[in-house]
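> Any chance you can model this:
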Amino acid sequence: MHINRRQFLTSVGLATLATQIQPFTAQGQLSRNSTLKPPHLQIGDTVGLIAPASTVDSEDIATAQRNIADLGLKVKLGKHILDRYGYLAGKDRDRAFDLNSMFADPSVKAIIAMRGGWGCNRLLPWLNYTNIRNHPKILLGYSDITSLLLAINARSRLITFHGPVATSTWNQFTVDYFRRILFNSEAITMQNPSPGEVKIEIITPGKARGKLVGGNLSVLSAMIGSMYLPAWHNSILFIEEISEDVYRVDRMLTQLKNAGILNQIAGFIFAQCTDCSVGDAPNFTLMQVLQDHIRPLNIPAWYGSMIGHIKNKFTVPVGLPVEIDASSGTIQMLESAVI
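Residues are numbered from 1 along each chain as shown. Below you'll find the model as predicted:
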């Protein structure tokens, strides 16, 4: 059979991509089941900054460099960090190149996304999950970065971190949790300050243990049906959202339910729904929607945790065993997240 040049290049590209992806078992898990923890940070370490989603500019980079320097860390910029391709920070293969390169670079000890926006889901087929597993490092971000955190945890079995991006507000609260978890290797209990900006609303009281997984609800919903999600059985699911009407949150939770995810989890946290509105009447409140979907599961669950599009943020280890207490709104790490 005759194969033209385009067919040949396509087949070679697919073959190359296949070598980057770890084989899965029938359950969708890596054949090597051990979970990896990245090395902890130390003063003077170099952090790689990448733009895996929406565009950034020179002012964003200057802000990020100041934030990282204030932590006692050095900065290395991704090669394509200032690229532009429509509303994306460069073409998919180039944004993926920066992430793959940072994992392969021995001088880089952690990787922090510049910002979220949109675009990380497009990178998932381009990532070298074998390389990532062979060079475990801290990967930090939130919002659209949810795609990378979940996919790398699922495919490379690496603990990742839902927390501030490089251009976030690195205030005392945020920095304290960042340092304790990623510098000091502490296994801490995350609890909202009282009184504080975020109020706990109990959906179902109780305690539960499981692997902590989650992130932005819209991004997570868009990943359903792909090979890039972790196992959900007996996990603790945390989600957050911004600027969505309650009916859209209802729609996405229904999608998680119909996909069989909610029926598998051992505990649930809806962290924050920042600037979410009830929309036009007639309507439900967000709590009514959560009660409809979550209370029948009869698992510990609450609304209100310092996670998401807010100034004061926890650094949340994705894939780490935790114990939650819905009555007090606490997330207790059962072991350190870094080595």
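> Every contact and neighbour count from this point should use C-alpha atoms.
Noted.
> Which parts of the stretch 151-300 of the chain are helices?
In order along the chain, the stretch 151-300 of the chain carries the following helices (DSSP state H, counting those that start in this stretch): 172-178, 217-223, 246-258, 286-294.
> Please read the previous query as pertaining to the stretch 1-150 of the chain.
The residue ranges that make up the helices of the stretch 1-150 of the chain, judged by DSSP H, counting those that start in this stretch, are 5-20, 58-70, 92-104, 129-134, 146-156.
> would you turn these into TSV with mean neighbour count and mean pLDDT?
Below are the helices of the stretch 1-150 of the chain laid out as TSV (neighbours: other CA atoms under 10 Å; pLDDT from 0 to 100):
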stretch	mean neighbour count	mean pLDDT
helix 5-20	12	39
helix 58-70	16	97
helix 92-104	21	98
helix 129-134	18	98
helix 146-156	25	98
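> hang on, the earlier thing: now the helices of the stretch 151-300 of the chain in JSON lines, please, with extra columns for mean neighbour count, mean pLDDT and distance to residue 117.
Rendered in JSON lines, the data for the helices of the stretch 151-300 of the chain read as follows (neighbours: other CA atoms under 10 Å; pLDDT from 0 to 100; distance: least, CA to CA, whole Å):
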{"stretch": "helix 172-178", "mean neighbour count": "17", "mean pLDDT": "98", "distance to residue 117": "21"}
{"stretch": "helix 217-223", "mean neighbour count": "18", "mean pLDDT": "98", "distance to residue 117": "10"}
{"stretch": "helix 246-258", "mean neighbour count": "17", "mean pLDDT": "97", "distance to residue 117": "18"}
{"stretch": "helix 286-294", "mean neighbour count": "17", "mean pLDDT": "97", "distance to residue 117": "24"}
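> one step back: distance to residue 266 for the helices of the stretch 1-150 of the chain - can I get that in a markdown table?
Putting these into a markdown table (distance: least, CA to CA, whole Å) gives the following:
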| stretch | distance to residue 266 |
| --- | --- |
| helix 5-20 | 32 |
| helix 58-70 | 36 |
| helix 92-104 | 32 |
| helix 129-134 | 27 |
| helix 146-156 | 18 |
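> Out of the ones you listed, the one nearest residue 333 is which?
helix 146-156 (17.0 Å; CA to CA).
> Specify the angle between that closest one and helix 92-104 in degrees.
Calculated by axes from the mean of the first three to the mean of the last three CA atoms, to 10 degrees, helix 146-156 forms an angle of 60 degrees with helix 92-104.
> neighbouring contacts of helix 146-156?
The list of residues contacting helix 146-156 from outside it, by CA atoms under 8 Å, 6 or more residues apart in numbering, reads 21-22, 29-30, 120-121, 124, 129-130, 132-133, 139-141, 158-162, 213-216, 219-220, 223, 228-231, 318-319.
> so residue 209 bridges to which residues?
residue 323 (DSSP bridges).
> my guess is it contacts residue 265, does it?
No. Under the criterion of CA atoms under 8 Å, residue 209 is not in contact with residue 265, lying 10.2 Å apart.
> now the strands: where do they sit in this structure?
In the chain, strands defined by DSSP state E lie at 46-50, 74-77, 108-113, 138-141, 160-162, 189-190, 201-204, 207-216, 236-242, 267-274, 301-303, 316-318, 321-325, 330-333, listed in chain order.
> and residue 36, which of those is closest to it?
If we rank the strands of the chain by CA to CA, the stretch that ends up nearest is strand 160-162, at 9.6 Å.
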